[in-house]
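*Asks:* below: sequence and its predicted model.
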Amino acid sequence: RKEVEQDPGPFNVPEGATVAFNCTYSNSASQSFFWYRQDCRKEPKLLMSVYSSGNEDGRFTAQLNRASQYISLLIRDSKLSDSATYLCVGHRYSGAGSYQLTFGKGTKLSVIP
Amino acid sequence: DGGITQSPKYLFRKEGQNVTLSCEQNLNHDAMYWYRQDPGQGLRLIYYSQIVNDFQKGDIAEGYSVSREKKESFPLTVTSAQKNPTAFYLCASSHAGTVLTQYFGPGTRLLVL
């Protein structure tokens, strides 16, 4: 089983719609999670961290459900500029006191006029 | 402006040739990383370095080599032993102790002729 799994999509939604992505993780010891945004042929950029209590940044809300081992990202009032691939990111212990990020394959979102 | 730069943006490699990808950062980050991204795939860790003159293999280090002689620089060499080098290569950095918050450079696309 992959450490972080996402539905690859694509999700095609009209402008103004609300869309939600889920991501599951296999390592129950993981403490930190993130959502990164990656535009076509560009580098990933940190969108937001995911906290157990949930966190909101404008139109974006991230939630963590430890019991079910999934993370969600909700985008409200979708804009054309939200079109991108959204990467779910966890972390894993890589030995010698070191932790590394584990990336999902990404969920592609296309917001349609 | 602080940030991470990678060069070149595109690189072509002939069969049997070694090529070196540059990564420089002026964020005063201690840790630096190299990832590889293939189409429709998540990022995979090649090598990482948490301090100058020290580096560790990631998940797919075979066919690659790195050096970390300066804090600001972490070049990646793709050797002829890497049989499938065509990919998007991303360099990232983070503060020591906050390895989970990584910032990425714009990437280098390597193509084999």
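*Replies:* Cool, got the structure.
*Asks:* A:L46: neighbour count?
*Replies:* Neighbour count for A:L46, taken as other Cβ atoms under 10 Å in any protein chain shown: 15. C-beta coordinates here come from the backbone N, C-alpha and C atoms, glycine included.
*Asks:* how about B:L43?
*Replies:* Around B:L43 there are 28 other residues, counting by other Cβ under 10 Å.
*Asks:* then B:D59?
*Replies:* Residues within reach of B:D59, counting by other Cβ under 10 Å, total 14.
*Asks:* for residue 12, give me the pLDDT.
*Replies:* Went with chain A since none was named. pLDDT for A:N12: 96.
*Asks:* that answer is for a different chain, and I need it for chain B
*Replies:* Predicted confidence (pLDDT) for B:F12: 91.
*Asks:* if I pick the most centrally placed residue in chain B, what's in contact with it?
*Replies:* Centroid-nearest residue in chain B, with Cα atoms, centre = their mean: B:W34, separated by 3.0 Å. Residues counted as contacts of B:W34 (Cβ atoms under 8 Å, 6 or more residues apart in numbering or on different chains) are B:21, B:23, B:45-48, B:58, B:64, B:66, B:74, B:76, B:89-92.
*Asks:* hang on, B:G2 is in a helix, isn't it?
*Replies:* No. Assessed with DSSP: H, G, I helix; E, B strand; the rest coil, B:G2 is coil; it does not lie in a helix.
*Asks:* thought it was touching B:N26?
*Replies:* Yes. Counting by Cβ atoms under 8 Å, B:G2 sits close enough to B:N26 to count as a contact (5.3 Å).
*Asks:* inside strands: which ones of the contacts of B:W34?
*Replies:* Residues of the contacts of B:W34 located in strands (DSSP state E): B:21, B:23, B:45-48, B:64, B:66, B:76, B:89-92.
*Asks:* which among those gets closest to B:E15?
*Replies:* B:Y64 (17.0 Å; Cβ to Cβ).
*Asks:* residues touching the nearest residue to the closest one once chain neighbours are set aside, list them.
*Replies:* Of all residues not flanking B:Y64 in the chain, B:I46 sits nearest, at 5.2 Å (Cβ to Cβ, 6 or more residues apart in numbering or on different chains). Counting by Cβ under 8 Å, 6+ apart, B:I46 touches B:34-36, B:58-61, B:64, B:66, B:76, B:89.
*Asks:* wait, what's in contact with A:N12?
*Replies:* A:110, A:112.
*Asks:* and the pLDDT for B:L100?
*Replies:* Per the predicted model, pLDDT is 68 at B:L100.
*Asks:* burial of A:V50, as a residue count?
*Replies:* Each residue near A:V50 was counted by other Cβ under 10 Å, and the total is 21.
*Asks:* A:V111 now?
*Replies:* A:V111: 20 neighbours (other Cβ under 10 Å).
*Asks:* so it sits against A:T18, correct?
*Replies:* No. The criterion here is Cβ under 8 Å, and A:V111 misses it with A:T18 at 11.4 Å.
*Asks:* that concludes my questions; thank you for your assistance.
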